[in-house]
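Enquirer: Here's a sequence, model it:
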Amino acid sequence: VEAHFNEIVSLDFNPFNEHLLATASVDKTVAIWDLRNLHEKQCSLKQHTDEVSCVTWAPFNGSILASSSQDRRICVWDLSRLGKEISKEEAKDGPPELLFIHGGHTSKISDLSWNPNQDLVMASVSEDNIIQVWQIAGEIYYDEVDEPMTGKQYIAVLTIIPFI
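Expert: Residues are numbered from 1 along each chain as shown. Below you'll find the model as predicted:
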C-alpha cells in the first residue's frame, strides 16, 4: 500500500481511538488510517500548499487534529465534519472538515503541540525561532449554527535568540 506519494515526516496515534493513525507527508497531505484496514486511507486532508511538517491529534476531542506545513500555516481539522454538505460560497474557504487556519508565522513551521491542560490552546514554532502560543476562539470550535469561522486569540509570542 502506498501511504503517500512522497516521504512521511510525522505521525500521531489518536488518543481516543486506538485504531486511528494520522500521517503527514512531503506530498502536502495528511492521511488518516484505520489500523484494522491498512489497505486504504480513511481519508486524505488537502489544504496545505507546501510540505506538511507535523500532525498531532487534539487531547480533548478524538475528531480534532492539527497539521503544520512549510507553507507557514497550521490547519485545524474536525473529522466529524467529513462529508458535510456546504454551499459553493463556503467551499471557497476549504473543505467542510477544515475548522480553522492559523497564518501567524512568517517562516516555515517546525513543530506544534496542543496544551494537554487547556482545550483549544496550541504552541507552534517556526524556523526563525519564534514560538507562538495561541488559542482558537471558542466560537469557532463550539459553533452550533455554522456561522463563519473567524478569530483567534494570541496568548504570547516569544522570540528565541540562539546562544552563539
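
Enquirer: tell me the pLDDT at the residue lying closest to residue 85 once chain neighbours are set aside?
Expert: Among residues not flanking residue 85 along the chain, residue 96 sits closest, at 7.6 Å (C-beta to C-beta, 6 or more residues apart in numbering). Every residue, glycine included, has its C-beta placed from N, CA and C. pLDDT, residue 96: 91.

Enquirer: And the one 3 residues further on, by the same measure?
Expert: Among the per-residue scores, residue 99 shows a pLDDT of 90.

Enquirer: and the gap between it and residue 7?
Expert: For residue 99, the distance to residue 7 (C-beta to C-beta, to the nearest Å) stands at 26 Å.

Enquirer: try residue 57
Expert: With C-beta to C-beta as the criterion, residue 57 and residue 7 are 21 Å apart.

Enquirer: Ok, residue 103 next?
Expert: From residue 103 across to residue 7, the span is 25 Å (C-beta to C-beta).

Enquirer: contacting residues around the nearest residue in space to residue 128 that is not next to it in sequence?
Expert: Sequence neighbours aside, residue 107 is the residue nearest to residue 128 in space, at 3.9 Å (criterion: C-beta to C-beta, 6+ apart). Neighbour list for residue 107: 72, 126-128, 130 [criterion: C-beta atoms under 8 Å, 6 or more residues apart in numbering].

Enquirer: Buried ones among the residues you listed?
Expert: Buried members of the contacts of residue 107, counted by 16 or more other C-beta atoms under 10 Å: 72, 126, 130.

Enquirer: Not counting the helix or strand encompassing residue 68 itself, show me its contacts.
Expert: In this structure, residue 68 is located in strand 64-69 according to DSSP states H and E. Strand 64-69 has contacts (C-beta under 8 Å, 6+ apart) with 12, 14, 22, 24, 28, 30, 45, 48-58, 74-79, 99, 108-112, 114, 122, 124, 141.
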